[in-house]
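> A predicted structure for the sequence below; I have some questions about it.
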Amino acid sequence: MIQIDNLQKYFGQLHVLRGIDLQVKKGEVLSVIGASGSGKSTLLYCINGLEQIQGGTITVDGVEVHDKGTDLNKLRQSMGMVFQQWNSFPHLTAIENVALAPKIVKKKSKSEAIEIAKKQLVHVGLEEKLNVYPSELSGGQQQRLAIARALAMDPQYMLFDEATSALDPELVGEVLETMRLLAEEGMTMICVTHEMGFARDVSDRVAFFNDGVIEEIDTAENIFENPKSELTQKFLSKVR
Amino acid sequence: MFDYNFHWRPVLKSLPDLLEASLVTLQVAVLSMIIGIVIGLFLSVLKLKARGPLKWFATCWIELARNTPALFQLFFFGFGLGALGIHLTPFFIVLAGLSFNNAGYLAENFRGGFNAIPETQLKAARSLGMTLWHAYTRILVPQVLRIVYYPMTNQFVWAVLMSSLGMLVGFRELSGETQFFASKTYRIFEYFAAAAIIYYIMVKLILFISKLLATRLFRY
């Protein structure tokens, strides 16, 4: 379980997250929606310790992320992250991209790591691209590669940071399809997204972010059919 | 016209010695590049990421290496350290001088290389649980070396040519050896002409091999 209490985050003078309280249970899919600059992505970076926080706590399976004694490298193995810019490692082939972390972080043998990588590349539908360099893959394929790379660490949670917003429109579908597949398999996911259709169909709950606070959080159905907050209504009327 | 008679026979006779000395040149250049690359990488990271004394240390090294004559740098490791009672052999004077110089120049190249890589590459590596060391050695540095491959080749050529300064601290690399035979036989023009040709061929070979290597190494 991910438990966030009164999270405060500043970038210099800028107060980006103003007291976030949030709970994500095992197996839950949470979509985070809201305007750009509302702090959605920053929240993800804070959850896996890529960003420092200035107040509050984030606890993942009982481990406090920003505690000085926390082994972040170990904690991050339980949280896969997929970025807006897909960030495949350009100097490695698809299979090397996926096999690298299991090999050097989890100390798997080379053949084991390759096995894991193969399995995950098949999982995301890239079985025909094993030995191809990322430069020869489309954006959608690179993003699926990034998903496979995160899955290869056998994470308990997956964090998606606008995984489709840098993609050409015709490539968005295949990535969403992969994410949908993961959700069906029971993966716990936090998806920062601008894809309202995805948020509505796939997530259990949806959080609407506004100006560094969670304005409203509820089941997908309630948020989309019956939003309580005026700001949520306004936002949804604009993106629909 | 002019009344200088060329005598190439002594040059031909000592050609094996010159070729052997050119291997010494290559050896010191290669070693100085390896040391220069390793130190240069650390310097560039320190200059980019460190604060306080470490950053200052890197900045001073780079400034001195790039903005003072290479000859003076060599003299520092020879006569400078000598005055302090540390006596290096000519080989180590040249190796230290060239490595110092290479590291400074390469550090700036590497810095450009690091800046050319999206910051999110580091984040992606860390998000997989990689340590900072792994993220650098497995993800960032390989990409940097690719980006600065050709500037690095230039620096290697430069190191080969610069090693000729070694003759001024008594090092018997190609130039030192040439000087030795030239002053023994007084066929100064012939010897240095021959040495120039050998340098030229060496550099051309290096450029050729680095091109071949590039097609093997960089398939992406």
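Arrived safely, thanks for sending. Numbering: from 1, shown residues only, chains lettered A, B, ... in the order given.
> list the contacts for residue 130?
Unless you meant another one, I'm taking chain A. Residues near residue A:130 by C-beta atoms under 8 Å, 6 or more residues apart in numbering or on different chains: A:93-95, A:118, A:121. C-betas here are computed from N, CA, C, even on glycine.
> Chain B, not that one
Taking C-beta under 8 Å, 6+ apart as the contact definition, residue B:130 lies against A:73, A:101, A:104-105, B:138-139.
> one more time with 7 Å
Listed by C-beta atoms under 7 Å, 6 or more residues apart in numbering or on different chains, the contact partners of residue B:130 are A:101, A:104-105.
> ditto for residue A:118
By C-beta under 7 Å, 6+ apart, the contact list for residue A:118 reads A:95, A:130.
> So it belongs to a helix, correct?
Yes. Judged by DSSP: H, G, I helix; E, B strand; the rest coil, residue A:118 forms part of a helix.
> The residue nearest to residue B:203 when sequence neighbours are not counted: what secondary structure?
Of all residues not flanking residue B:203 in the chain, residue B:157 sits nearest, at 5.2 Å (C-beta to C-beta, 6 or more residues apart in numbering or on different chains). When classified by three-state DSSP, residue B:157 comes out as helix.
> mind listing what's buried in stretch A:93-103?
Burial within stretch A:93-103, assessed by neighbour count using 16 or more other C-beta atoms under 10 Å in any protein chain shown, is assigned to A:93-103.
> I'd like those residues as TSV, with pLDDT and distance to residue A:109 appended.
Formatted as TSV, the buried residues of stretch A:93-103 follow (pLDDT from 0 to 100; distance: C-beta to C-beta, whole Å):
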residue	pLDDT	distance to residue A:109
A:93	95	19
A:94	96	20
A:95	96	15
A:96	96	15
A:97	96	18
A:98	96	15
A:99	96	11
A:100	96	14
A:101	95	14
A:102	95	10
A:103	95	8
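> Quick one: list the elements packing against the helix or strand containing residue A:182.
Using DSSP states H and E, the element containing residue A:182 is helix A:169-184. Here helix A:169-184 touches helix A:139-151, strand A:188-192, helix A:196-202, going by 3 or more C-beta pairs under 7 Å, 6 or more residues apart in numbering or on different chains; DSSP states H and E.
> okay if I get these as JSON lines plus distance to chain B, mean neighbour count and mean pLDDT?
Below are the helices and strands packed on helix A:169-184 laid out as JSON lines (distance: least, C-beta to the nearest C-beta, whole Å; neighbours: other C-beta atoms under 10 Å in any protein chain shown; pLDDT from 0 to 100):
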{"stretch": "helix A:139-151", "distance to chain B": "7", "mean neighbour count": "26", "mean pLDDT": "93"}
{"stretch": "strand A:188-192", "distance to chain B": "13", "mean neighbour count": "25", "mean pLDDT": "95"}
{"stretch": "helix A:196-202", "distance to chain B": "22", "mean neighbour count": "18", "mean pLDDT": "90"}
